[in-house]
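*Asks:* Predicted structure and sequence below. I'll ask about it afterward.
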Amino acid sequence: MTFNIFVIPFFGGLLFLLAVLFVRFTAWLATLDKSGRKKLGHGLLNGQVFPATWEVFMESLLHRRMFRQNKLLGYMHMSFAFGWLLLIVLGNLESRIYSGGHINPPYYPIFLKFFVHDKRTLPFELYTLPGFFRFIMDFVLLFILSGLVLALIKRARSKWFGMKRTTQHSKFDKWAITSLWFIFPLRLLAESFTAGVYQGGGFLTNTLGTFFAAFLPVEYLYYPAWWAYSTALGVFFVTLPWSRYMHIPTEVLLIYLRHFGIKTGKKPDSFSEIEIYSCPRCGVCIDVCQMNDAHRTNSTPAYFLRSLRYGTPDNDQNANCMLCGRCHEVCPVQIDTLAIRVAARYDDNKLLAPSFKYLDRFEPADSAADVLYFAGCMGHLTPAVKKAMLKILAASGEKFSFMDEDGSVCCGRPLLMAGLHEAAAELIQKNTHLIINSGAKTFVTSCPICYKVFNEEYKLPGVEVLHHSQYLLRLVESGKIKVNSTGITAVYHDPCELGRGSKIYDEPRTLLGQLVTLNKAEQERENSLCCGGSVGDLSMNHSERTVIRDEALKVLLASQPDILVTACPLCKKTFDNGTEAVVMDIAEVVSERLQPVTKKELVTAELAG
Amino acid sequence: MAGTVEKVRFGFSVNKDRQIDYDANLKDIADIVLKAEPTINLCISCGTCASTCTAGQFTDFSLRKMILLVRRGETKGLENEISKCMLCGKCQLACPRGVSTRNLILQIHKALKTGAL
Amino acid sequence: MSRKIAVIGGGAAGLEASSALASLGFRVVLVEKEDETGGHIKNWHALFPNRRPGTEVLQALRSKLSKEVELFSGKTVTEIKQVQGRFEVGSADGWKAEADAVLLTTGFSLFNASKKEEYGYGIYDNVITSADLESAFSAGKITMKNGEQPKRIGFVHCVGSRDEKAGNIYCSKVCCVTAVKQAIEVKQFLPECEVFCFYMDMRMFGRHYEELYKEAQEKYYIQFIRGRLSESTEDHTGKIILKVEDTLLGKPLKIGVDMLVLMVGMESPDITRKLGSELGLLNDSDRFLVSADQHISANVSEIPGLFFAGTCTGPKNIADTLADARSAALAIAGYFENNSNRS
């Protein structure tokens, strides 16, 4: 026999889940925008499925990214994901032995030990096929149970996992997680009780079965245990689509679509929804988010995404994010939390209609400049940086023009960060027109916020866009300027928009290495802390930002360097306001150490290249 | 018998646009904004925001003025003005009282668009 | 043997308190970190409101010191310990003194104007602080970096005061009247020079201060523009171009000046904060020391036998500082009187 009434909760739940997933996935894919659907089509045909499948294996099952972040957490999640898949796959193979190679209904392999009691082989007779499977199935079950123990410990003592906080769950999540936690212990009990009555278990279940049989009425217990196991599975399947575990199927879909080149755009759409549903609420983003310092835990990414999913966002969650990218760095699913946050702001600010017709009258005049230097809005509040750049440019012999000497148009990134991309497009269009028609070949800016938008959003054919740390390094390496090194110690702060935002970590350090002695900070590069000055946050007040700033300063100044160096005028001003220590921009450090260059050296450098 | 006389009216009244009639002005926009961004209360009208303003280089836009007009209930024409802001953030960095100017601008803009309904 | 009082800091408050204590019959140990007493007054060319020379006041304060006051200069106090009901005061180089009571008169330090980078101190040639200008007055000439005389000078009020971003939300009290005084002095040195003051408010709180303001306008043609400076830039001639909103007219104002004077505010100095935290003394969010009661016992701390006078408890002008110093001497006398009555 291959059916018993107890399988109905499981089977019913499974069918229900598959139906819901089918409807949901179809709806999502059908409402992808035109470019998304095109990418989907191309992706399916051009072989992107293979790397995507590999990523599903490495991330969704083996949780490689999570392992790198936190080994215990990685093991715990992997044991459930990979373990459960192994149980299903191996269980299916095992069931074929007993059903003569036919394909069986799903409940047969899941509840195999109810339907089949194979006493022919002993638990450790691994050289026979049934014995091998018996062993491996018990081993995988043990593997999953070890992960379950870790999960229980983590909920009680998350500190032992190196996590300061663990996710607080919603009602659906509580049902889902409880049923999930019951599934495998119930399987263990059901199989053990059955083995206690009929033998035929593996090394674990048979041993346990024999043990239970000594003092429990296992012949009356095993059938209810199977019912319980089936019910736990059923409850889990039924609550899954409304719980965090929706991430299991959804992240697989996400990985494929991402490999096909589909991304969350400037407005909320079905892809951003897929991302939102892919969030497992594992909680690693909560710990790294600096909103905790400002007591705004509600705005951390996991809770923000949860609010969006259940349709209960409060405007402050959307607005309250520095867009620093620390969450994205650690997210095991690599959800584009920043883009989703900005898209949510698009919805909030849809009604607003900034308008910049007054910029129409600006036109570039002819110039012979090769290099345009753009200080940006914030640059005007840090004149030391401007002065340093102008001194260096003059010494370099480059034909340059200071683009915002008389005034400037904002680069547009603050508007973009506020979800106002149509308004930003006006500014981008204006600046593009000015830059292209200036005839310059190189565009250098001393502000990373500007750099990111000029690099990613602007279309400037024939113009190379550089951040000043890159440009200054180039000047030094090409010999156009010469610098001395002095023996002072410095710590370099990676600005969010330059580091995580534009992946420029090395050039500033290489440049500084030629000028000062660079100390490391405990959190730097991808892990650097945001200064708190961010124009990405539209909600925090000054004292909340101050708390964030002070925490960042503590880490940066721990080694008591002579100076704190950064490459962003907003970071500089923010930090300068909060410490007696000397804060300098990288351009100032260069300018202070500039050697006078003779005309002959300039010509030689220019001839060389 | 006490003598009374009907009041002779000479037509003396201040031109409507020469004064701010505080009581006659609706404060609904102001109420919305005060709730949405309470740091507006900190403003001392020092003018740092307006003088550093990027849009202020090219237009009449002045956040200092905007805050005063909103609070007095003089909201005519403000929607036009507030749409000139590029949200660059210089004002917020410069403000000595710690007013969250960028959020304030967004809230004023929102209130002007929706509050009057 | 009469009681001994250690007075930490030989500025206006320390000098006056020492003399007052000596006249009340106490022995005084006056310790000063610099080689000369006088603190900041040494740098003040003329004092408001009547612009009498700072040296006059300094001389008077110094000459009052009698032989009961033992002066130790060039010693920076690094620790104050409480030892069996008495105090032990020590400096970094090993100097020590014992006392029955301690009076902190550690004064103030000036805001570091380079932290207000957008104003250009240390970046542009001709941006100076009010303290730099006083030195120029004392030296007898006001010149730009290139040696020429300025034809237009701007004063910026509230630099490092009333500024969340600078970390000091409080008002430093005396900078407004100092600006008016200095503006007048500039006009006295350079009658042809145009002078502008850029203010948020005009805080003319003391006697004859408002009259000084009126005199500045009426006799010296000094112009007062209500608007806080947001940023300054330097043009190719070295002129400093100011961006300020003329708030009373409601329009942005662009003006070039030859020299810019920043009215830097008062801050609690590092030494006060260090000693204060070691002794467990209260300080406020403005980092100045907090006395037991602002009105009733303004010179008394929570530590019996430890007293405060002068600007270590907050910004003050010289007249109020001196009054505070005398009041502290009285409080100290009262303290010993009460204690001896009880024992």
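*Replies:* On my side now, so go ahead.

*Asks:* pLDDT score for the residue in the stretch 1-150 of chain A that chain C sits nearest to?
*Replies:* Proximity of the stretch 1-150 of chain A to chain C (C-beta to the nearest C-beta) peaks at residue A:69, 36.0 Å away. The way it works is simple: take the backbone N, C-alpha and C, and place the C-beta from them, glycine included. Residue A:69 is assigned 81 on the pLDDT scale.

*Asks:* For it, grab phi and psi.
*Replies:* With angles defined as degrees, to the nearest 10, residue A:69 sits at phi -70, psi -50.

*Asks:* how close does it sit to residue C:279?
*Replies:* Going from residue A:69 to residue C:279 by C-beta to C-beta, to the nearest Å gives 46 Å.

*Asks:* which stretches of the chain have low pLDDT?
*Replies:* Going with chain A. Residue ranges of chain A with pLDDT under 70: A:1, A:101-102, A:121-124, A:166, A:315, A:597-609.

*Asks:* Hmm, no, I was thinking of chain C.
*Replies:* Ranges of chain C meeting pLDDT under 70: C:341-343.

*Asks:* how about the residues of it near chain B?
*Replies:* When proximity is defined by C-beta under 8 Å from any C-beta of the partner chain, chain C lies next to chain B at C:118, C:158, C:162-166, C:200, C:226-231, C:243-247, C:250, C:252-253.

*Asks:* again, only using 7 Å
*Replies:* Contact residues (C-beta under 7 Å from any C-beta of the partner chain) of chain C with chain B: C:162-165, C:200, C:227-228, C:230-231, C:243-245, C:247, C:250, C:252.

*Asks:* among those, which are in strands?
*Replies:* Per DSSP state E, strands hold the following members of the residues of chain C next to chain B: C:231, C:243, C:244, C:245, C:252.

*Asks:* And stretch A:471-491, what's buried?
*Replies:* Neighbour counts over stretch A:471-491 (16 or more other C-beta atoms under 10 Å in any protein chain shown) mark A:471-476, A:479-483, A:490-491 as buried.

*Asks:* which among these are in contact with chain C?
*Replies:* Taking C-beta under 7 Å from any C-beta as the test, chain C is in contact with none of the buried residues of stretch A:471-491.

*Asks:* ok so, going back, most neighbours among the ones in strands among the residues of chain C next to chain B, which one is it?
*Replies:* For those, counting by other C-beta atoms under 10 Å in any protein chain shown, the largest number of neighbours falls to residue C:245: 30 neighbours.

*Asks:* how about the nearest residue to that one, chain neighbours excluded?
*Replies:* Using C-beta to C-beta, 6 or more residues apart in numbering or on different chains and skipping residues adjacent in sequence, the residue nearest residue C:245 is residue B:47, 3.4 Å away.

*Asks:* CA-only coordinates of stretch A:485-496 in CSV, if you can.
*Replies:* Output in CSV follows, covering the C-alpha atoms of stretch A:485-496 (Å, rounded to 0.1, in the frame of the first residue of the first chain):
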residue,chain,number,x,y,z
SER,A,485,56.4,61.5,2.3
THR,A,486,56.2,62.7,5.9
GLY,A,487,56.3,60.5,8.9
ILE,A,488,52.9,61.2,10.4
THR,A,489,50.3,58.6,10.9
ALA,A,490,46.9,58.7,9.3
VAL,A,491,43.7,56.6,9.2
TYR,A,492,41.8,56.7,6.0
HIS,A,493,38.0,56.7,6.1
ASP,A,494,36.2,55.0,3.1
PRO,A,495,33.3,57.2,2.2
CYS,A,496,30.1,55.2,1.6
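
*Asks:* chain center to that stretch: distance?
*Replies:* Its chain's C-alpha centre and that of stretch A:485-496 lie 28 Å apart, by C-alpha atoms, centre = their mean, to the nearest Å.

*Asks:* now swap in stretch A:48-68 and tell me
*Replies:* Offset of stretch A:48-68 from its chain centre (C-alpha atoms, centre = their mean): 14 Å.

*Asks:* on that earlier part again, and which of the ones in strands among the residues of chain C next to chain B is nearest chain A?
*Replies:* For those, the nearest to chain A is residue C:231 (5.6 Å; C-beta to the nearest C-beta).

*Asks:* who does that closest one bridge with?
*Replies:* Assessed by DSSP bridges, residue C:231 has beta-bridge partners residue C:243.

*Asks:* Can you read off the backbone torsions of the closest residue to residue A:595 other than its chain neighbours?
*Replies:* Among residues not flanking residue A:595 along the chain, residue A:482 sits closest, at 4.1 Å (C-beta to C-beta, 6+ apart). When read as degrees, to the nearest 10, the backbone of residue A:482 gives phi -120, psi 140.

*Asks:* Which parts of chain A are strands?
*Replies:* Under DSSP E, chain A gives strands at A:371-374, A:400-402, A:442-445, A:464-467, A:482-483, A:489-492, A:517-519, A:563-566, A:582-585, A:594-595.

*Asks:* ditto for the stretch 51-200 of chain C
*Replies:* For the stretch 51-200 of chain C, applying DSSP state E, counting those that start in this stretch gives strands covering C:52-53, C:69-73, C:77-83, C:86-91, C:96-99, C:101-104, C:109-110, C:127-129, C:152-159, C:194-199.

*Asks:* and chain C, which residues reach chain A?
*Replies:* Residues of chain C lying close to chain A by C-beta under 7 Å from any C-beta are C:115, C:117, C:118, C:120, C:123, C:164, C:165, C:166, C:167, C:231, C:233.

*Asks:* Looking at chain A, which residue is nearest chain C?
*Replies:* Residue nearest to chain C within chain A: residue A:381 (4.5 Å; C-beta to the nearest C-beta).

*Asks:* wait, isn't that residue in contact with residue B:89?
*Replies:* No - counting by C-beta atoms under 7 Å, residue A:381 stays clear of residue B:89, with 9.9 Å between them.

*Asks:* In chain A, what residue comes closest to chain B?
*Replies:* For chain A, C-beta to the nearest C-beta, closest residue to chain B: residue A:542, 3.4 Å.

*Asks:* wait, what's in contact with that residue?
*Replies:* By C-beta atoms under 7 Å, 6 or more residues apart in numbering or on different chains, residue A:542 lies in contact with B:98, C:164.

*Asks:* Break down chain C into its helices, ranges please.
*Replies:* Counting by DSSP state H, chain C has helices at residues C:12-23, C:54-63, C:130-139, C:175-189, C:209-218, C:270-279, C:318-342.
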